[in-house]
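> Let me see the structure of the following:
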Amino acid sequence: MRAIILMFDSLNRHMLSPYADTIVDAPNFARLASRSVTFENFYAGSMPCMPARREMHTGRYNFLHRSWGPLEPFDDSMPELLKNAGVHTHLASDHPHYWEDGGATYHPRYTTWEFFRGQEGDPWKGVVATRNNDDGGAAGGDWRAGMKRQDLINRSYMPTEAEHSQTRTVDAGIHFIDTNHAADQWMLQIELFDPHEPFFTHEAYKAMYPHRYDGPGFDWPGYERVTEPEDRVEHARYEYAALVSMCDKSLGRVLDAMDKYELWEDTLLLVNTDHGFLLGEHGWWAKSVQPWFNELVHLPMFLWDPRTAGRDARRGALAQTIDIAPTMLRFFGLEPTPDMQGRDLAVVLEDDTTVRDAALFGIHGGHVNVTDGRYVYMRAAADPANGPLEDYTLMPTHMRSRFSVGELAAWEPAEPFAFTKGLRTLKVHTKSLMNPWAHGTLLFDLETDPAQEHPLEDDDVELRMLRLLAELLHTSDAPKSQFERLGIPFDAPPTTEDLLVRRQAERAAAALEPLPPLASFHAEGQALETPILELLQDPRCRTVLERLLPHLVTTELVSIAPQFTIYQLAKVSPVAPAILEQLAQELAPVPAA
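Now for the predicted structure:
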């Protein structure tokens, strides 16, 4: 038995022809759909990148107990379980987060692995900055300035498509297939960082999407609201489409290898992604700082399994990323571990058997979301403090750093969870840079509102979805603090007293309003361009901010960049236009007597 996982990052389901009418030229995804089963209701679980990969390894949710981080000592790793059972597992990837502090325990779980450098500002080639170097956007206050400068350096070392890290990663995967196609008992994971931003392709792919645009280069949108002119937004969409077309070519190379060696007879092929990417939908770019709309979490998923031999078929059962580990283990004759929450998808392939009634998804400290396939319920925090919030870990690292001494100074020992194998973890009190309270609790009916443009107010539906959410929280052994943060009773079923949609509807509606251009505000609105930390030093201004922006003062301002202004912050956390106008007036300098 053999298996191939081809995983992309930030691949949008709604821009692939097996799922939608699209501008994207990607014939190999249509070819894949004809050779496999296409999943109609496949959802993400924990976001973003490494939390999703922890789910792929462990078959259980990550986001309820900790933020971005490594595999824990008590985690069951699917590739490692296979390795220990005599299945050779190989990882070929250009995903840079595997080699940062918060991802450093994933790749050693494979038997062998190889990495190709250069994506997204990866600290790869050393070119010392000079005054004449492009600052990558630092002058505009872009916190990614250093990454952007490094990315420009990295691109200069990939002048041709053959040298692109995506191409070299697929080369390595094909080499593994060429070398081992006659062998048995192996699993190959080809994992591509693309089409994650920045949308770097060579001219042949850009030429596939001719359009008129004479503005500045724009292939790396920020994690924020859309404020750019429409031609720049359209340009970014075409840049993304070009990169998806490059990914489609890579997929075609894998399909060609399957054909060449007749691997369809006994080799499983799974093609997936971790999450999507907003390209202006709902007025947002990217992910993480806004609610997890369906464009981000309703994922493309294709599976060819020789056990069932289903092809050119579609399945509607609700499935998730946590199902991948049990599916792979069962394919190789191993049983999922007791701690795994996912299910073997072979039963879905056979007759579309229901494997779950509802699915959780979210990010640590954000909305906790649940869907039953028709309704999506996004539960926000009950109050502006968005707490209590805790990290439970024995591997105290963030994405690109270790936990600080200050963070660890007040850690407490936590009681074991059901999945920690009797181990007590560190309980570290924390705050989140995204605050779901600012967006409010949202309920959508995907049957009547598939684009999620009209939030629903229906107490009966909300109560049913809230009870599903509470049940799944308990099933996942979520900490009591999550219930408290969300305003959900821990020891009793939720009642109508615990509903939040109507109570938070006004704020939710305001959060969905577009952000007006800066120039449209009050003539004395210079305060919107003044660094917030500077405003907080003035007692009068601080009082205004605490009254009008309580959620920002208690959470988002904890670690903002020194130059961040109110308007810049409004691009990543919703502030109603009326509130911005009021801030502009009340924060205006007091005329001298």
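
> which stretches of the chain have low pLDDT?
Residues of the chain that meet the criterion pLDDT under 70 lie in 131-141, 522-525, 551-562, 591-593.

> Have a look at it and report its longest helix.
helix 230-260 (DSSP state H).

> ok, then the element right after that one?
On the C-terminal side of helix 230-260, the closest following helix or strand by DSSP states H and E is strand 267-273.

> The nearest residue to E120 once chain neighbours are set aside: what's it in contact with?
Once flanking residues are discounted, E120 sits nearest to P96: 6.0 Å by Cβ to Cβ, 6 or more residues apart in numbering. The way it works is simple: take the backbone N, C-alpha and C, and place the C-beta from them, glycine included. Counting by Cβ atoms under 8 Å, 6 or more residues apart in numbering, P96 touches 117, 119-120, 122, 193.

> From Y567, how far off is A162?
Per Cβ to Cβ, to the nearest Å, A162 is found 44 Å from Y567.

> residues of the longest helix of the chain that come out buried?
Residues of helix 230-260 classed as buried by neighbour count (16 or more other Cβ atoms under 10 Å): 232-255, 257-258.

> what's the answer for stretch 472-492, then?
Buried residues in stretch 472-492 (16+ other Cβ under 10 Å): 472-473, 476-479, 481-488.

> what about G173, is that helix, strand or coil?
Recorded secondary structure, G173: helix (DSSP: H, G, I helix; E, B strand; the rest coil).

> Number of residues surrounding it?
G173 has 26 neighbours, counted by other Cβ atoms under 10 Å.

> Check Y261 too.
Using other Cβ under 10 Å: Y261 sits among 16 other residues.

> measure it to D231 for me?
Y261 is 46 Å from D231, by Cβ to Cβ.

> ok, now G59?
Noted for G59: a distance of 45 Å to D231, by Cβ to Cβ.

> and the residue lying closest to E100 once chain neighbours are set aside, what is it in contact with?
Excluding its sequence neighbours, the residue lying closest to E100 (Cβ to Cβ, 6+ apart) is R400, at 5.1 Å. When contacts are counted by Cβ under 8 Å, 6+ apart, R400 touches 100-102.

> again, only using 10 Å
R400 makes contacts with 68, 96-97, 100-103, 123, as judged by Cβ atoms under 10 Å, 6 or more residues apart in numbering.

> same deal with L71?
Contacts of L71 by Cβ under 10 Å, 6+ apart are 50, 53-54, 57-58, 62, 77, 80, 103-106, 108-109, 395.

> Could you say which helix or strand holds it?
Applying DSSP H and E, one finds L71 in no helix or strand.

> What residues sit buried inside stretch 158-175?
158, 164-170, 172-174.

> Could you single out the nearest of those residues to L278?
Q166 (22.0 Å; Cβ to Cβ).

> Tell me the spacing between that closest one and C247.
7 Å.

> Quickly list what's touching both of those two.
Counting by Cβ under 10 Å, 6+ apart, the contacts common to Q166 and C247 are 8, 192, 194-195, 201.

> hang on, isn't P27 packed against V244?
No - using Cβ atoms under 10 Å, P27 makes no contact with V244, being 11.7 Å away.

> For the stretch 301-450 of the chain, which segments count as helices?
Assigned by DSSP state H, counting those that start in this stretch, the stretch 301-450 of the chain shows helices spanning 324-331, 346-351, 405-408.

> and these, which is most packed in?
Neighbour counts (mean count of other Cβ atoms under 10 Å) averaged over each of the helices of the stretch 301-450 of the chain peak at helix 324-331, with a mean of 24.

> Alpha carbons only: can I get that one in CSV?
Provided in CSV are the C-alpha atoms of helix 324-331 (Å, rounded to 0.1, in the frame of the first residue of the first chain):
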residue,chain,number,x,y,z
ILE,A,324,-7.1,12.9,7.5
ALA,A,325,-5.0,11.1,10.2
PRO,A,326,-7.6,8.3,10.8
THR,A,327,-8.1,7.9,7.1
MET,A,328,-4.3,7.4,6.5
LEU,A,329,-3.8,5.1,9.4
ARG,A,330,-6.7,2.8,8.5
PHE,A,331,-5.5,2.7,4.9
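
> give me every residue that touches V37.
V37 makes contact with 301-305, 308-315, 345, 348-349, 352 under the criterion Cβ under 10 Å, 6+ apart.

> give me that answer again for 6 Å
Each residue near V37 by Cβ atoms under 6 Å, 6 or more residues apart in numbering is listed here: 303, 310, 313, 315, 349.

> Next, give phi and psi for it.
phi -100, psi 130 (degrees, to the nearest 10).

> Look at D151 and tell me its secondary structure.
Assignment for D151 (three-state DSSP): helix.

> what residues are up against it?
Contacts for D151 (Cβ under 6 Å, 6+ apart) come out as G121.

> Pull out the buried positions in the helix or strand hosting E581.
Element membership for E581, per DSSP H and E: helix 577-586. Applying a neighbour-count criterion of 16+ other Cβ under 10 Å, one finds 580-581, 583-584, 586 buried in helix 577-586.

> Nearest to V405 among the residues you listed?
L583 (35.5 Å).

> can you pull the contacts of the closest one?
Contacts for L583 (Cβ under 6 Å, 6+ apart) come out as L548.

> oh, and call the first residue 4 from now on, that's how I've got it
New numbering, starting at 4: the last item is L586.

> For it, give its distance to V575.
Distance, L586 to V575, using Cβ to Cβ: 16 Å.

> May I ask you to confirm that P309 is in contact with W267?
No - using Cβ atoms under 6 Å, P309 is not in contact with W267; the gap is 7.1 Å.

> buried set for the one helix or strand P82 maps to?
Using DSSP H and E, P82 falls within helix 81-87. By neighbour count with 16+ other Cβ under 10 Å, helix 81-87 contains the buried residues 81-86.
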